[in-house]
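J.: Dropping the sequence and predicted coords here.
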Amino acid sequence: MKDVKARAGVRPELWLALASVGGSFLVYLPFLSNMAPVYRFWDGPNYLTVARTLYRIGPDNPLLAYVYDVRFFASYLPVYPLLVRAFAFAGYERALLLVSVLASTAAVLLFYRLARDVWRLESPGFLSLVFLFLPPRWLLYRSTGATESVYIAATIGAVYFFETSRVGRASLAGAAAALTRISGLMLAPAFGVVLLARRRWRSIPWLLLIPAGLFAYFLFCAVRFGDFFAYFTPHGEKLARFLPFGFLPVLFSKGLYHQVEFHILLALVYAVGTFRLRPYPVLFSYCLFELALHLCLSTEDWSRYFLSMAPFALIVGFRDAIDTKAFRWIFPFYAVLAVYYAWGVIPLNGCRPDIYLRLLVHLGLLSPS
């Protein structure tokens, strides 16, 4: 009986792992004969450069045709490129995707454990499956050379450790998240609010680990680039109007009023999902800080930035709407459209082929012809 129970417990996790890898394989399907468009998809070439050079960017790097200033690469935080370098035995380009696929698989397994054992949600397996495909941009970025899957895995890991009263480990995972995407810093105040509410004063100092890693990285930037705040060099426009919905007037001035409506609706969905998390204090606190931060960033890329809270605000926040017969019927059609979205976007948002080939030669990953 024990063996039967053990097998029954492993089975959903095995299916979720297969679904995670299988979803990315479907994204790659049209490109299997030529994976170059997937490798060239932004921000893959930038992370490839950082992984290969460890931030030693030469003045002849072909990507400087896009960004002009070597300090631009300081905005690519180190955890993801270091993992790519660690898996470079598979080839640097393949490692870009391998790290993303492995991290997204780890993320869904951690999400399933939380949903089943900690949050005790109904249908944790189905909710975890939906997590792999919602929203479509998450499917795209967890299958390409991007930080999202590593960030989400580190963040869910931090939440898992925190929910199971291991604040030190939660802080270390939070530090890894912050060194992957800077919004991971929001884990510190989010956890701090919960610890204060629970009167766990002695655990609060552990949270200093979360910004400590980022501070060490800024010191590294001061040495490597001669600028402690080099990370912020490419982000000046995003911080120029640091107030809620501050970039909407810019969209109106460009005549992009349809995008204004999209961003308003997007903010509404995430706000509603966030406030539906109030029964889960850790998730509610984290998403509230993330939402407040990203609403004030002047960027048209909210749909990507909001991915930092999508597993919680969308999946857990709308758990009762997702776990319905109607959604189960619709979900396969939605998943097909999500894959189709990725197929359509990948060829349209990549490094120029000739520049990418020069980059590979520059990095020693391709012999000059």
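T.: Now that the structure is in, tell me what you want to look at.

J.: going forward, measure contacts between C-alpha atoms and count neighbours the same way
T.: Noted.

J.: Spell out for me which residue occupies the centre of this protein.
T.: Central residue of the chain (C-alpha atoms, centre = their mean): residue 148, 1.9 Å from the mean position.

J.: Might you list the low-confidence residue ranges for this protein?
T.: For the chain, the stretches with pLDDT under 70 are 1-10, 235-241, 369.

J.: Residue 255: helix or strand, and which one exactly?
T.: Residue 255 is located outside every helix and strand, with elements delineated by DSSP states H and E.

J.: Might you report the residue contacts of the residue nearest to the centre of the chain?
T.: 100, 138, 141-142, 307-308 (C-alpha atoms under 8 Å, 6 or more residues apart in numbering).

J.: Dihedrals phi and psi, it?
T.: phi -60, psi -50 (degrees, to the nearest 10).

J.: ok, now how distant is it from residue 201?
T.: Applying C-alpha to C-alpha, to the nearest Å, the value for residue 148 to residue 201 is 32 Å.

J.: So which residues of the stretch 151-300 of the chain form helices?
T.: Taking DSSP state H, counting those that start in this stretch as the test, the helices found in the stretch 151-300 of the chain are 167-178, 187-197, 209-224, 236-240, 248-253, 257-275, 281-295.

J.: Please produce TSV containing these, extended by distance to residue 134.
T.: Shown next, in TSV, are the helices of the stretch 151-300 of the chain (distance: least, C-alpha to C-alpha, whole Å):
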stretch	distance to residue 134
helix 167-178	21
helix 187-197	22
helix 209-224	28
helix 236-240	26
helix 248-253	25
helix 257-275	13
helix 281-295	17
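
J.: Now for residue 196, how many residues are close by?
T.: Neighbourhood size, residue 196 [other C-alpha atoms under 10 Å]: 12.

J.: Surely residue 306 is in contact with residue 294?
T.: Yes. If you go by C-alpha atoms under 8 Å, residue 306 and residue 294 touch, sitting 7.2 Å apart.

J.: Now do the same contact list for residue 204.
T.: Applying C-alpha under 8 Å, 6+ apart, the residues near residue 204 are 192, 195.

J.: Going by neighbour count, list what's buried in stretch 265-274.
T.: 267, 270-271, 273-274 (16 or more other C-alpha atoms under 10 Å).

J.: Return the most buried member of the helices of the stretch 151-300 of the chain.
T.: Neighbour counts (mean count of other C-alpha atoms under 10 Å) averaged over each of these peak at helix 167-178, with a mean of 26.

J.: Give the other helices and strands that that one contacts.
T.: In terms of contacts (3 or more C-alpha pairs under 8 Å, 6 or more residues apart in numbering; DSSP states H and E), helix 167-178 is packed against helix 148-163, helix 187-197, helix 209-224.

J.: what would those helices look like in a markdown table with distance to residue 27?
T.: As requested, these are exported to a markdown table (distance: least, C-alpha to C-alpha, whole Å):
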| stretch | distance to residue 27 |
| --- | --- |
| helix 148-163 | 15 |
| helix 187-197 | 31 |
| helix 209-224 | 33 |
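
J.: how about the nearest residue to residue 280, chain neighbours excluded?
T.: Once flanking residues are discounted, residue 280 sits nearest to residue 119: 7.6 Å by C-alpha to C-alpha, 6 or more residues apart in numbering.

J.: Sorry, wrong one. I was asking about residue 127.
T.: Distance criterion C-alpha to C-alpha, 6+ apart; nearest residue to residue 127, sequence neighbours excluded, is residue 315 at 6.7 Å.

J.: quick one, what contacts the one you found?
T.: Contacts of residue 315 (C-alpha under 8 Å, 6+ apart): 127, 130-131, 322.

J.: Give me the subset of these lying in helices.
T.: Members of these lying in helices (criterion: DSSP state H): 127, 130-131, 322.

J.: For residue 302, state which of those is nearest.
T.: residue 131 (18.5 Å; C-alpha to C-alpha).

J.: From residue 269, how far off is residue 290?
T.: Residue 290 is 14 Å from residue 269, by C-alpha to C-alpha.

J.: my bad, should have said residue 367
T.: 49 Å.

J.: do residue 189 as well
T.: Where residue 269 is concerned, residue 189 sits at a distance of 23 Å (C-alpha to C-alpha).

J.: Next: residue 303.
T.: From residue 303 to residue 269 the distance is 11 Å (C-alpha to C-alpha).

J.: again with residue 97
T.: Applying C-alpha to C-alpha to residue 97 and residue 269 gives a distance of 30 Å.

J.: and what of residue 91?
T.: Distance check for residue 91 against residue 269: by C-alpha to C-alpha, it reads 40 Å.

J.: What of residue 128?
T.: For residue 128 relative to residue 269 (C-alpha to C-alpha), the value is 19 Å.

J.: Quick check: closest non-adjacent residue to residue 106.
T.: Nearest to residue 106 is residue 153, by C-alpha to C-alpha, 6+ apart, at 6.2 Å.

J.: before we move on, what about residue 173?
T.: Residue 173 sits nearest to residue 158 (C-alpha to C-alpha, 6+ apart), 4.9 Å away.

J.: Contacts only, for the one you found.
T.: 169-174.

J.: Thanks again, I'm all set now.
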